[in-house]
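*Asks:* Build me a model:
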Amino acid sequence: MKVFHDRGELTAAVGSVLGASDWLVVDQDRIERFADATGTSDGYFVLSLLPAFMTQVYRIDGPGMTLNYGLNRVRFVTPVHAGARLRGVTELAEATPVGDAAVQLVFWTTVEVEGEDRPACVAETLARRLFQ
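*Replies:* Sure, this is the predicted structure:
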């Protein structure tokens, strides 16, 4: 787990792979519960796993808060079937200062399917870290 404390540490890590999450088994029950909650069980299920994967890979300590700022690009590359094992591999692509006390972060996360050559999903996500 990569731990960051300030904007400088985040900026220094740009371009580096922060790590890979643990493998997660996608069982049929989980797929059905997602479908019941959202009315769908397609690629958005995989996309909804990104926060769980990313919190295993990095954290930012100290006073402040991190906000989900959105998505730039998402591609669903390979279907995920019940019983598959997934993990997220996250890279910090950008860390851009915003004013005196914030930084906008851009992450590339690849959701790998164990035993498959192609990922289930690749996503470019954005977050804003507000430091106090």
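*Asks:* C-alpha only now, for contacts and for neighbours.
*Replies:* Noted.
*Asks:* what about the strands in this protein?
*Replies:* 2-4, 17-20, 24-25, 58-60, 64-76, 85-98, 102-113, 121-131 (DSSP state E).
*Asks:* Deepest-packed of these, please.
*Replies:* strand 102-113 (a mean of 22; mean count of other CA atoms under 10 Å).
*Asks:* tell me which strands and helices it is in contact with?
*Replies:* strand 85-98, strand 121-131 (3 or more CA pairs under 8 Å, 6 or more residues apart in numbering; DSSP states H and E).
*Asks:* Put together JSON lines for those strands, with mean pLDDT and distance to Asn68 on each row.
*Replies:* Below are these laid out as JSON lines (pLDDT from 0 to 100; distance: least, CA to CA, whole Å):
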{"stretch": "strand 85-98", "mean pLDDT": "97", "distance to Asn68": "14"}
{"stretch": "strand 121-131", "mean pLDDT": "97", "distance to Asn68": "5"}
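*Asks:* I am finished for the moment; much appreciated.
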